[in-house]
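Asker: Return atomic coordinates for the entry below.
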Amino acid sequence: MAVSKQKAVLVTGAAKRLGKAVALEFAAHGYDVALHYHHSRDEAEQTAADIRSLGVQCHLYQQDMAAVEDMDGLMARIAKDLPHLTVLVQAAAMFEPKAFPEMGIEDFRHQMRVNMEGPLFLAQAFAKRVKKGAIVHFIDNYVAEHQTRFFSYLLSKKSLLEATKMLAANLGPGIRVHGVSPGPTLPSPGFDEAYIRARAEKNPLKHLTTPEEIAKSVLWLAETEHLTGQILTLDGGEHLCW
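Answerer: Residues are numbered from 1 along each chain as shown. Predicted coordinates:
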């Protein structure tokens, strides 16, 4: 297939959930897609078919985000297939709901590798190859809180939040860096639909943020050239009520 003249985006964790919504949103706006996944091969294949039906390219890449030393190699493969890559969206994440007293050393290290170290070094590999573009990290609206029910997960996302700001300060003017912090959207492991709806009922807008709304916001951040270092909280105002 001939190299597309369109822009291209790499979306990590794009086989399903919010990453899938982001990949489809970019594809609908003419972006070729590098679709990263870890275990979800079947879902990745289906998402890729949906993307290709929109008339753009989609290449699949399997990679464990905890293998931090492999991030440069992953980006090298993607840049070879899609040399017109301009956007990196990091939606891949690991969520282990363990409180501080139950947190083990390996639990902690693994979540830090997947949620902070992997994205950080993938961003480094992206910035080495892309002269003008954007990075958007998925964070979490709970970074504004200090509860310890999900200690290692939340600490990894707080670290990613600060890394996002530092990257924005250091990678300009060529690379713009942002974060999105979703609130209740889709149930996470161990939580059901009733839980997230109950959370939504307590926020000012009484509204669950949809994957499609989040995806549109990510696209806007990636394409708005006068912005960098923005952390967009998409939670119906939940963070105002803590």
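Asker: pull the longest strand from the protein.
Answerer: Using DSSP state E, we find that the single longest strand of the chain is strand 175-182.
Asker: just checking, next helix/strand downstream of that one?
Answerer: helix 193-201 (DSSP states H and E).
Asker: which residues sit against that following helix?
Answerer: Residues outside helix 193-201 that contact it (CB atoms under 8 Å, 6 or more residues apart in numbering): 183-187, 206-208, 236, 238. No exception for glycine: its C-beta is placed from N, CA and C like everyone else's.
Asker: Go through it and flag the buried ones.
Answerer: Using 16 or more other CB atoms under 10 Å as the test for burial, helix 193-201 gives 196, 199-200.
Asker: Who are the contact partners of V9?
Answerer: For V9, the contact set (CB under 8 Å, 6+ apart) comprises 23, 26, 31-34, 85-89, 222.
Asker: same thing but at 7 Å, please
Answerer: Taking CB atoms under 7 Å, 6 or more residues apart in numbering, we find V9 in contact with 26, 31, 33, 87, 89.
Asker: Scan these and report the most crowded one.
Answerer: Neighbours here mean other CB atoms under 10 Å. Within the contacts of V9, the largest count is held by V89, at 31 neighbours.
Asker: Wasn't that residue part of a strand?
Answerer: Yes - according to DSSP: H, G, I helix; E, B strand; the rest coil, V89 belongs to a strand.
Asker: buried ones in the helix or strand that contains E106?
Answerer: Per DSSP H and E, E106 falls inside helix 105-112. Neighbour-count burial for helix 105-112 flags 107-108, 110-112 (criterion: 16+ other CB under 10 Å).
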